[in-house]
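Visitor: build me a structure from this.
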Amino acid sequence: MKILFKNANMIGRNGEMHEGCNICTDGEYIFAVDTAEDISGKHIDYEADRVINAENILIIPGLYNVHTHLPATFFKGYAEDMRLEKWMFDKIFPAQDKLNDIMVYYGALLGIAEQIKNGVISCSDMSRMPENVLQAADESGIKINFCQAVRAFGDNAEPGRNSRFFEAKELYKNYHNSSRGRIKIDMSIHAEFTSNADLIRAAADFSNVNGLINHTHISETKKEHDECIARHNMTPVEFFECNGFFESPAIAAHCVHISGSDMEIMAEKGVTAAHCPSSNLKLGSGIARIPEMLSCGVNVAMGTDGSASNNNLDILKEMYLASVLQKGVTGNPSVMPAGDMLRLATLNAAFAQGREDCGVIEAGKKADITALDFNSVEAVPVYDYSAALLYSLTGSNVVLTMCDGKILYENGEFKTVDIEKIKYKVKKMSEIYKI
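Guide: Numbers count the residues shown, from 1 in each chain. Now for the predicted structure:
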């Protein structure tokens, strides 16, 4: 279906603003982008199947969430006001053990629906029961880089006997690049403190041979970081690098306590730091030094973490918090400016996911579009669209989400999922935790 967004305001690749644009999609791809300068004095007729009047609308590339746990929507409000270790081992891991296939399916659907409503068209998800998560992603129309976190406990300590590692390899064989490329399979080691060197090397070898992206948690807390140094005389970044995990492209979630030398390794190896400021603050984990990472050449992209530690999946909220937090910490209001922040949730994130034809609104790129209402009370008046996007708006201002040329959400209506059924199912099934 060919769709024309007429008279749109658009943010370009380098943060530049274009007003009065025509953007035409044709199936999965953007067919043409004509700025006001291009169309001045010209008559352009793309014979679109549908024309959307985009006056008072800001068009941006579809947003990305490069670190989340979708079925954790079940755990919103379940384990609050705890430090990470107690939160994880005393509450979340036992709660996850109660999840069954149908719960994971509907929990993932609820998380995906929340992301779609907030303008997110792609996420990097680390979950269990993958077939159910991938079914939800396929049906909803979203892109997903999925990984099942491999951990080494008991009989699973050895790579040859690790059931999750075996399942991760089978996932790659059965699902990688399925759903016309919307579904990609990544390899994941949960973290240094839940794994061992042999398992990390085995996972790294599999990724190297098959061209996969790796995904892990790195230095989320100071305790985690320091205990790794005590165990191995290396930081978590050095430990993963030493065992080959960064020979493939990788996403390292959190990176709150990494060192300067860690940043240099990540920049050299092309490791993306997935920045999840709400989760890091809520769990008392600390504040990642994002301006230093960017200055070092580290690719940084935005994530929410799961709903258990964030309670919502709003990337625009994360962008705002990431920017103002660093201004306050550094005492420098010019760091992480509005004009640069969108890149962390679009182009940088698309690069992290290995989606080279995504992340920007240009002819020949995938038709991934998020549209926001700039006639809302939060936005008016508008002097600077990038500043208004970052500092004034949230996901609630999204009026349209398009992925691969298909509209998934428009003006409050979900086009691909039955949101009332999903909410009903999750409410009923969550009663298992009310004991």
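
Visitor: now the residue nearest the centre of the chain, what's its secondary structure?
Guide: Taking C-alpha atoms, centre = their mean, the centroid of the chain lies closest to residue 65, which sits 1.4 Å from it. Under DSSP: H, G, I helix; E, B strand; the rest coil, residue 65 falls in the strand class.

Visitor: which SS class is the closest residue in space to it that isn't next to it in sequence?
Guide: Leaving aside its chain neighbours, residue 65 sits nearest to residue 123 (4.2 Å; criterion: C-beta to C-beta, 6 or more residues apart in numbering). Bear in mind the C-beta positions are built from the backbone N, C-alpha and C, glycine included. Secondary structure assignment for residue 123 (three-state DSSP): strand.

Visitor: if we can go back for a sec, quick one: contacts for the residue nearest to the centre of the chain?
Guide: Residue 65 makes contact with 115, 120, 122-124, 302-304, 313, 315, 349, according to C-beta atoms under 8 Å, 6 or more residues apart in numbering.

Visitor: max pairwise distance over those: which two?
Guide: 313 and 349 (14.1 Å; C-beta to C-beta).

Visitor: and residue 15, what's its pLDDT?
Guide: Looking at residue 15, its pLDDT reads 86.

Visitor: using the three-state scheme, assign the residue nearest to it when sequence neighbours are not counted.
Guide: Nearest residue to residue 15, sequence neighbours excluded (C-beta to C-beta, 6+ apart): residue 339, at 4.0 Å. The three-state assignment at residue 339 reads helix, by three-state DSSP.

Visitor: how close does residue 339 get to residue 384?
Guide: Using C-beta to C-beta, to the nearest Å, we find residue 339 at a distance of 8 Å from residue 384.

Visitor: what residues are bridge-paired with the residue nearest to residue 65?
Guide: Beta-bridge partners for residue 123, by DSSP bridges, are residue 65, residue 144.

Visitor: pull the contacting residues for it.
Guide: Residue 123 touches 64-66, 68, 70, 112, 115, 142-145, counting by C-beta under 8 Å, 6+ apart.

Visitor: what subset of those residues is buried?
Guide: Taking 16 or more other C-beta atoms under 10 Å as the criterion, what is buried in the contacts of residue 123 is 64-66, 68, 70, 112, 115, 142-145.

Visitor: between those residues, which is nearest residue 239?
Guide: residue 66 (21.7 Å).

Visitor: doesn't residue 349 make contact with the closest one?
Guide: Yes. Residue 66 lies in contact with residue 349 (C-beta atoms under 8 Å); the separation is 5.0 Å.

Visitor: shared neighbours of those two, anything?
Guide: 301-302.

Visitor: who has more neighbours, residue 339 and residue 384?
Guide: Counted by other C-beta atoms under 10 Å, residue 339 and residue 384 do not tie: residue 339 has more neighbours, with 18 against 12.

Visitor: wait, that one touches residue 386, no?
Guide: Yes. Contact criterion C-beta under 8 Å: residue 339 and residue 386 qualify, at 4.9 Å.

Visitor: any shared contact partners between those two?
Guide: With C-beta under 8 Å, 6+ apart, residue 339 and residue 386 have common neighbours residue 15.

Visitor: residue 313 and residue 349: who's more crowded?
Guide: residue 349 (33 against 29).

Visitor: tell me the secondary structure for the more buried one?
Guide: helix.
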